[in-house]
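Q: Build the 3D model from these lines:
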Amino acid sequence: MCGRFALTATPKEVDEAFSVPDLEAFPPRYNIAPTQPILMVTAGEPRQPGSNLPDRRSLLVRWGLLPAWVKDTRDFPLLINARSETAAEKSSFRAAMRHRRSLIPASGFYEWRQVGGKRTQAYWIRPRQGGVIAFAGLMETYAEPGGAEMDTGAILTTGASRDIAHIHERMPVVIHQHDFSRWLDCRFQEPRDVADLLRPTEPDFFEAIPVSDLVNKVANVGPEIQERAELISASEPPKAERGKARPPDPAQMTLF
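A: From the prediction side, this is the model:
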């Protein structure tokens, strides 16, 4: 699955990769988490008759797809990922797979590997060649009971490529630039016509960098969470067991 990712590319770099020149300025984001707004690129209306420019538009959506038929969001799970193997058949994703496929600009993603029991090792997984990449996404506009509308989205996943399969069995689907138009074309390309794009990346496309557990907290949003860290040893005791417990910080107690 993909539960955290980053977009640290500049708006200019995103424009150059996705051909969406109307992007508003945005800061680098090092720790994007579910329910937060994420940038999506979709097919749009042609800019002018006879134009050969890609007809794409960008928008912000909530990460966590809500199908249009959901009646009570409190009883519905947060769909941040969709399995690409079954998305075209599942009621939650079927309509979006047919009509609202999208691209999600990213600089890489985070994944966790279990090490000795319940402890986990976090990894920052980025393309070896650098640059901005595109996750395959699905978008759905949800109409709330009061009439307000909210754009929501999910990331499509597939089996992990062999260079990162030792960390986790799943990974985001990456759409390469030469396939952008075909993936976004929901008018003439049905889900079966783009099924060949829903595959793991080629070997060695990504590199996995061990990082600290700073990424675990949504409040940590700086570049330091991507700094290389020492691997957790399988024999290393959990943090709670290391040394003597510290007294509680009085400043923290004021939060309660």
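
Q: quick one: the helices in the stretch 51-200 of the chain?
A: When secondary structure is read from DSSP state H, counting those that start in this stretch, the stretch 51-200 of the chain shows helices at 94-99, 180-184.

Q: Tabulate those in a markdown table, adding columns for distance to E230 and mean pLDDT.
A: Using the backbone N, CA and C atoms, a C-beta is placed for each residue, glycine as well. Shown next, in a markdown table, are the helices of the stretch 51-200 of the chain (distance: least, CB to CB, whole Å; pLDDT from 0 to 100):
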| stretch | distance to E230 | mean pLDDT |
| --- | --- | --- |
| helix 94-99 | 41 | 97 |
| helix 180-184 | 39 | 97 |
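
Q: Give me the contacts around stretch 82-89.
A: 65, 90, 92-94, 96-98, 136, 138, 154-158, 173, 191-192, 195, 198 (CB atoms under 8 Å, 6 or more residues apart in numbering).

Q: Would you list the buried entries among those?
A: For those, a neighbour count by 16 or more other CB atoms under 10 Å gives the buried set as 65, 92-94, 96-97, 136, 138, 154-158, 173, 191, 198.

Q: on that earlier part again, tell me which of the helices of the stretch 51-200 of the chain sits nearest to P77.
A: Proximity to P77 (CB to CB) singles out helix 94-99 among the helices of the stretch 51-200 of the chain, at 15.9 Å.

Q: What are the contacting residues of the closest one?
A: Helix 94-99 is contacted from outside by L65, P67, A68, A87, A88, L138, M139, E140, A154, C186, E190, P191, using CB under 8 Å, 6+ apart.

Q: try 10 Å
A: 65, 67-69, 82, 84, 86-90, 102, 136-141, 152-154, 156, 186-187, 189-191, 194-195, 198 (CB atoms under 10 Å, 6 or more residues apart in numbering).

Q: one step back: how about the helices of the stretch 51-200 of the chain in TSV, adding distance to P210?
A: Formatted as TSV, the helices of the stretch 51-200 of the chain follow (distance: least, CB to CB, whole Å):
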stretch	distance to P210
helix 94-99	35
helix 180-184	32
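
Q: got a list of what F206 touches?
A: Taking CB under 10 Å, 6+ apart as the contact definition, F206 lies against 108-109, 111, 123, 125-128, 133, 160-161, 163-164, 167, 171, 174, 200.

Q: next one: E202
A: With contacts taken as CB under 10 Å, 6+ apart, E202 has the following neighbours: S161, R162, D163, V174, H176.

Q: so which of those residues would you say is closest to D75?
A: The shortest separation between D75 and any of those is 33.0 Å, and it belongs to V174 (by CB to CB).

Q: For the closest one, name its beta-bridge partners.
A: Taking DSSP bridges, one obtains F135 as the residues bridged to V174.

Q: how close does it sit to E24?
A: Applying CB to CB, to the nearest Å, the value for V174 to E24 is 25 Å.

Q: Which residue of those two possesses the greater neighbour count?
A: For V174 against E24, the residue with the higher neighbour count under other CB atoms under 10 Å is V174, and the figures read 23 against 8.

Q: And the strands in the chain?
A: Chain-ordered strands for the chain, with DSSP state E as the definition, fall at 4-7, 29-32, 37-43, 56-63, 81-83, 101-106, 108-114, 120-127, 133-143, 149-159, 170-172, 206-211.

Q: In the third one, which residues are buried?
A: So the one you mean is strand 37-43. Neighbour-count burial for strand 37-43, counted by 16+ other CB under 10 Å, picks out I38, L39, M40, V41, T42, A43.

Q: Kindly report the same for the fifth one.
A: Within strand 81-83, the residues that qualify as buried are N81, A82, counting by 16+ other CB under 10 Å.

Q: Same question for the fourth one.
A: Within strand 56-63, the residues that count as buried by 16+ other CB under 10 Å are R56, S58, L59, V61, R62, W63.

Q: okay but the first one is in contact with S19, surely?
A: Yes. Contact between R56 and S19 holds when scored by CB atoms under 10 Å: they sit 5.8 Å apart.
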